[in-house]
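**Student:** Below are the sequence and a predicted model for it; my questions follow.
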Amino acid sequence: MQSRITQDLQENLMKTRLVPFSRLVPRLRRIVRQVGQELGKQVNLGLNNIEGEMDRSVLEKIITPIEHMLRNAIDHGIESTEQRLAAGKPDEGNISLSFQREGGEIVITVADDGKGLDVAAIRDKAINKRMITADTQATDSELLRLIFQPGFSTATTVSQVSGRGVGMDVVKTEVHDLGGSIAIESTLGQGVEFTIRLPFTVSVNKALLVKESESTYALPLSSIVGVTQLSADELDALHSEPGKRLEYAGLDYQLCVLGGLLHGEQESPAAVIGKAVMVLVEVDHYRYAVHVDAIEGNQEIIIKGLGAPFSNVQGVAGATILASGDVVVILDLPSLLRSKGEMSILEGPEQADGLLRGSSFETPTSASVGPKTIMVVDDSVTVRKVTSRVLERKGFRVVTAKDGIEATDMLAQVKPDLMLLDIEMPRMDGFEVARVVRESEVFAHLPIIMISSRTGEKHQQRATSLGVNEFLGKPYQEDELLGLLDELLSLGSA
């Protein structure tokens, strides 16, 4: 009876966090109407099954990505009236937005009947941006996922409608931060469909407790397709043939080891006594069988955030306290698989059979390949966001810090190619950060551009004496900043 009462109380408390998805409808209709009028296009927004409810915090964070996808669909997807009539389509374009719940997930689909994505154009653009080589072997679905790369676009012009510095990479990041996934399907001449899967709630979740070495971890059930067991002989056979896949329910799964994902290296499992336990996961249309030492059951957990010091730890969704009082780390398994996918398409076809091939299109681990990393250190949220968007449009990878203490802590985990540094910040100002960086053996030659509203001669002289490479006053000109970046980065790579 006590258990029943507790469960009823919890369910009622969770219901207080739920809000109807339909509350977004007036806002989304207004966006479609305004953008359509601005571009001179007739567009109809169709809504399907939008009466469901979802967690308030999830809804608030997914609004912006949905808005951007609608703008993109109207601007780049839906053709003009003349083009649609010439293609035998109705003069009015159609965008459909559907909402449904599947188990512990919310599925949001955004589709249009426009011209679709040109895979050949995406491939050419990727080759021109040196993201892939001309001889890279990639499927259409792999190439389509390149649109989620920072600064990637096949559009010939940037409009005020969708060219606002918020690209599809930000949409992907927002979805992944919520513990969700995004899939894309496109047929040239017929349209594009995006499918977003999100957890029903971000505060309480059902999780599978697994053992790895001496530690216990929690894996949210929403990210798990199934669990199976293999004999020692079957496991040895899979490891002896790198290209071989585990077959389960008619689908093939790439084998990997949880210990290898956690420690950032490929490793073989320890000797198996009895049956080997495999946790099956699907990430971005790729399927993996993750080998764990043991399963210790499943239970409902309350997700607790770990705070700022752990915000940059990849693959950690939070922590929970078990009934025994033990603290267990909650792993974001899809994020781990994306970040540890070392054999991505960006690294070329010669490693195509390696571990986790094509699991993501993240930045390659080689320092000489892929986008440069810029660290933006400023106490102003607006400055950090605006600067990040400017840099990401140009194909840079951006990490941000709100003050000097956070910046110096992040340097232990991230090795940027250049730093943009403000002067006036709480806890540790820019001058102190510059001094710490220059005294470090690792970052002694890191290019630093100081950007501040304090442009007096004494501030510039002090910055120069501390080894700052360039000094810009606020507000700065975008072209001037990008010119300095190209100059300093080219000198650093020379």
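**Tutor:** Happy to help now that I have it.
**Student:** hang on, isn't residue 89 packed against residue 112?
**Tutor:** No - if you go by Cβ atoms under 8 Å, residue 89 and residue 112 don't touch, sitting 11.4 Å apart. Where you see a C-beta, it was placed from the backbone N, CA and C, and this is true even at glycine.
**Student:** more crowded one of the two?
**Tutor:** Between residue 89 and residue 112, counted using other Cβ atoms under 10 Å, residue 112 has the larger neighbour count: 24 against 20.
**Student:** Now residue 67: which helix or strand?
**Tutor:** Assigned by DSSP states H and E, residue 67 belongs to helix 56-72.
**Student:** Go ahead and name everything in contact with that helix.
**Tutor:** Contact partners of helix 56-72, identified using Cβ atoms under 8 Å, 6 or more residues apart in numbering, comprise 17-19, 21, 23-24, 27-28, 31-32, 35, 45, 95, 97, 106, 108, 110, 161-162, 164, 166, 168, 170-171, 174-175, 177-178, 194, 196, 198-199, 201-203.
**Student:** from the chain's centre, how far out does it sit?
**Tutor:** Chain-centre distance of helix 56-72: 15 Å, with Cα atoms, centre = their mean, to the nearest Å.
**Student:** What are the buried residues along it?
**Tutor:** With burial defined by 16 or more other Cβ atoms under 10 Å, the residues of helix 56-72 counted as buried are 58-59, 61-62, 65-72.
**Student:** Moving C-terminal from the lowest-mean-pLDDT helix or strand in the chain, which element do we reach first?
**Tutor:** Within the chain, no helix or strand scores below helix 333-339, which has a mean of 75 by mean pLDDT, DSSP states H and E. Next along the chain after helix 333-339, taking DSSP H and E as the criterion, comes strand 373-377.
**Student:** Please work out the angle formed by the directions of whichever helix or strand comes after that following strand and strand 373-377.
**Tutor:** Using DSSP H and E, the helix or strand that follows strand 373-377 in sequence is helix 381-393. Angle, helix 381-393 to strand 373-377, by axes from the mean of the first three to the mean of the last three Cα atoms, to 10 degrees: 170 degrees.
**Student:** So what touches stretch 44-52?
**Tutor:** Everything outside stretch 44-52 that qualifies as a contact, by Cβ under 8 Å, 6+ apart, is 20-22, 25, 28-29, 32, 70, 92-101, 106.
**Student:** try stretch 405-417
**Tutor:** By Cβ under 8 Å, 6+ apart, stretch 405-417 touches 308-309, 312, 367, 372-375, 377, 399, 401, 419, 421, 427-428, 433, 436-437, 440, 442-443, 446-447, 489, 492.
**Student:** now, which of these lie within strands?
**Tutor:** Taking DSSP state E as the definition of strands, the contacts of stretch 405-417 contribute 373-375, 377, 399, 401, 419, 421.
**Student:** Name the nearest of the residues you listed relative to residue 80.
**Tutor:** residue 374 (37.8 Å; Cβ to Cβ).
**Student:** That closest one contacts residue 397, doesn't it?
**Tutor:** Yes - counting by Cβ under 8 Å, residue 374 does reach residue 397; the two are 7.2 Å apart.
**Student:** Return every residue with contacts to both of these two.
**Tutor:** Common neighbours of residue 374 and residue 397, counting by Cβ under 8 Å, 6+ apart, are absent.
**Student:** The two - which one has more neighbours?
**Tutor:** Remark: of residue 374 and residue 397, residue 374 carries more neighbours, 24 against 21, as counted by other Cβ under 10 Å.
**Student:** Could you list the low-pLDDT ranges of the protein?
**Tutor:** Per-residue confidence for the chain (pLDDT under 70) gives these ranges: 103-104, 151, 153-167, 201-204, 242, 264-274, 284-285, 307-313, 338-370, 492-494.
**Student:** if we can go back for a sec, filter the contacts of stretch 44-52 down to just the ones in strands.
**Tutor:** Using DSSP E, the contacts of stretch 44-52 in strands are 20, 93-101, 106.
**Student:** picking up where we left off before, can I get the buried part of the contacts of helix 56-72 as one PyMOL selection?
**Tutor:** Command for PyMOL, covering only those of the contacts of helix 56-72 found buried under the criterion 16+ other Cβ under 10 Å:
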select buried, resi 17+18+19+21+24+28+31+32+35+45+95+97+106+108+110+161+162+166+168+170+171+174+175+178+194+196+198+199+201+202+203
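**Student:** still on that earlier bit, can you pick out the most distant pair from the ones in strands among the contacts of stretch 44-52?
**Tutor:** Maximum distance among the ones in strands among the contacts of stretch 44-52 (Cβ to Cβ): 28.2 Å, for 93 and 101.
**Student:** Neighbour count: the two, which is higher?
**Tutor:** Between residue 93 and residue 101, residue 93 has the larger neighbour count (other Cβ under 10 Å), namely 25 against 14.
**Student:** how much space between that one and residue 67?
**Tutor:** Taking Cβ to Cβ, to the nearest Å as the measure, residue 93 falls 17 Å from residue 67.
**Student:** again with residue 225
**Tutor:** For residue 225, the distance to residue 67 - Cβ to Cβ - is 31 Å.
**Student:** And for residue 459?
**Tutor:** From residue 459 to residue 67 the distance is 40 Å (Cβ to Cβ).
**Student:** which non-adjacent residue is nearest residue 434?
**Tutor:** Closest residue to residue 434 apart from its sequence neighbours, by Cβ to Cβ, 6 or more residues apart in numbering: residue 466 at 4.3 Å.
**Student:** quick one, what contacts that neighbour?
**Tutor:** Residue 466 makes contact with 431, 434-435, 438, according to Cβ under 8 Å, 6+ apart.
**Student:** Quick check on it: phi, psi?
**Tutor:** The phi/psi pair for residue 466 (degrees, to the nearest 10) reads phi -90, psi 0.
**Student:** How about residue 427?
**Tutor:** phi 70, psi -50.
**Student:** Verify the stated contact: it with residue 404.
**Tutor:** Yes - counting by Cβ under 8 Å, residue 427 touches residue 404, with 6.2 Å between them.
**Student:** neighbour-wise, which of those two wins?
**Tutor:** Higher neighbour count among residue 427 and residue 404: residue 404, with 24 against 11, using other Cβ under 10 Å.
**Student:** Kindly provide the distance from that one to residue 391.
**Tutor:** In terms of Cβ to Cβ, residue 404 sits 20 Å off from residue 391.
**Student:** now do residue 213
**Tutor:** Look at residue 213 and residue 391: by Cβ to Cβ, they are 39 Å apart.
**Student:** Same question for residue 53.
**Tutor:** Distance, residue 53 to residue 391, by Cβ to Cβ: 38 Å.
**Student:** Likewise for residue 457?
**Tutor:** Taking Cβ to Cβ as the measure, residue 457 falls 29 Å from residue 391.
**Student:** quick one, which of these two is more surrounded?
**Tutor:** Taking neighbours as other Cβ under 10 Å, residue 457 and residue 391 compare with residue 391 leading, 26 against 7.
**Student:** Figure out the helix or strand that the spatially most central residue of the chain lives in.
**Tutor:** The centroid of the chain falls nearest to residue 173 when counting by Cα atoms, centre = their mean (3.2 Å). Residue 173 belongs to helix 168-177 when assigned by DSSP H and E.
**Student:** Beyond that helix, next helix or strand please.
**Tutor:** Toward the C-terminus, helix 168-177 is succeeded by strand 181-187 as the next helix or strand (DSSP H and E).
**Student:** Give me the angle between whichever helix or strand comes after that next one and strand 181-187.
**Tutor:** Counting by DSSP H and E, the next helix or strand C-terminal to strand 181-187 is strand 191-199. The directions of strand 191-199 and strand 181-187 differ by 170 degrees, with the same axes, to 10 degrees as the criterion.
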